[in-house]
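Quick one: sequence and predicted model below, then my questions.
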Amino acid sequence: MSDAMVRVNNVYKSYVRGKQTVEVLHGLTLDIPKGDFVALMGPSGSGKTTLLNLIGGLDRPTSGEILVGGERIDQLTGGALAKWRARNVGFIFQFYNLMPVLTAERNVELPLLLTGLSAAQRRKSVAVALEVVGLTDRARHKPRELSGGQEQRVAIARALVSDPTLLICDEPTGDLDRKTADEILGLLQLLNRDHGKTIVVVTHDPKAAEFARRTLHLEKGQLLEQAAA
């Protein structure tokens with residue numbers, strides 16, 4: 001598939017814990033087309049987060065190939081991989097990981113401090129990201145002055161600010177009530193539909209998975225089925 005944003009080819013992943021080798025992924029192969037919105041589901045220990053971390057370049061496979069945007073990220077050195085992540089991937093987690101002493105706009109700006117952008121360019125990018133998530137009027141508020149849903153919107157704006165092609169989300173609504181969770185998932189849908197972001201979400205919540213275009217089920221490190229959402 002030439003339009004695959006993510007290609008996972010015969011990937012194995014194991015960890016050594018003491019004298020024990022724990023095998024997590026077993027020859028997993030998966031293509032995610034550009035512009036897709038995929039939910040990864042499965043029981044705890046099935047390998048969902050491991051797969052997410054491999055796709056996002058946070059970890060490396062024991063063997064096999066991982067291509068994102070046509071680039072073999074499993075072959076990149078540590079420094080090159082860090083630069084690749086900064087350019088290409090936005091990360092959204094269950095816990096927002098915001099700096100409590102910084103305002104929303106300063107939290108969103110953090111990834112841009114590692115780039116060569118001028119202060120004026122950074123301000124413009126931050127303003128656009130906050131507008132996309134509907135938080136322009138909260139730009140100068142600190143996390144303690146925001147609701148949980150607003151904090152997650154700041155985290156999403158931070159993930160978006162460098163305009164990545166791929167969004168990696170690990171239980172992004174796990175700490176939110178149903179109404180707020182649905183609002184955040186609706187925002188992810190909008191980012192997928194209107195802004196062309198390829199999105200991969202790990203979730204235990206079947207209702208959250210319904211927002212995706214399709215759902216992939218993992219069990220014991222293998223892909224079970226592929227169902228249209």
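Yes, it's here. Numbers count the residues shown, from 1 in each chain.

Now stretch 54-61: average pLDDT?
Averaged across stretch 54-61, the pLDDT comes to 90.

what sits up against it?
Stretch 54-61 is contacted by residues 6, 8, 11-13, 25, 32, 50, 53, 66, 68, 73-74, 76, 81, 84-85, 89, 91, 166, 168, 200 when judged by CB atoms under 8 Å, 6 or more residues apart in numbering. Where you see a C-beta, it was placed from the backbone N, CA and C, and this is true even at glycine.

Take those and keep only those in strands.
Within the contacts of stretch 54-61, residues falling in strands by DSSP state E are 6, 8, 11-13, 25, 32, 66, 68, 89, 91, 166, 168, 200.

Among those, which pair sits farthest apart?
Maximum pairwise distance in the ones in strands among the contacts of stretch 54-61, criterion CB to CB, is 23.8 Å, between Y12 and F91.

all helices of this structure, in order?
Ranges of helices in the chain, per DSSP state H, are 48-55, 78-88, 104-109, 119-132, 148-160, 178-195, 206-209.

now this structure, which segments are flagged as low pLDDT?
The chain contains residues with pLDDT under 70 at 1-2, 225-229.

so what's the most centrally placed residue in the chain closest to, chain neighbours aside?
Nearest to the mean C-alpha position of the chain, counting by CA atoms, centre = their mean, stands I168 at 1.2 Å. Counting by CB to CB, 6 or more residues apart in numbering, I168 lies nearest to G56, which is 4.1 Å off, once chain neighbours are set aside.

Would you quantify the distance from that neighbour to V89?
To V89, G56 is 5 Å away according to CB to CB, to the nearest Å.

Name the residues contacting each of those two.
Counting by CB under 8 Å, 6+ apart, the contacts common to G56 and V89 are 166, 168.

Please list all residues in contact with N9.
29, 64-67.

got the contact list for E109?
Per CB under 8 Å, 6+ apart, neighbours of E109: 122-123, 126, 161.

Now, of these, which are buried?
The neighbour-count test (16 or more other CB atoms under 10 Å) marks 122, 126, 161 as buried among the contacts of E109.

K220: how many residues sit nearby?
14 (other CB atoms under 10 Å).

List phi and psi for the nearest residue to it once chain neighbours are set aside.
For K220, ignoring the flanking residues on the chain, the nearest one in space by CB to CB, 6+ apart is S46 at 6.4 Å. S46 adopts backbone torsions of phi -80, psi -10, taken as degrees, to the nearest 10.

Check whether S46 really touches L224, as I assumed.
No: when contacts are counted by CB atoms under 8 Å, S46 is not listed as touching L224 (9.2 Å).

Report back the residue of this structure that's furthest from centre.
Most distant residue from the mean C-alpha position of the chain: K19, 32.4 Å away (CA atoms, centre = their mean).

now that residue: how far from G47?
Look at K19 and G47: by CB to CB, they are 22 Å apart.

picking up where we left off before, contacts only, for the residue nearest to the centre of the chain.
52, 55-56, 89-92, 200.
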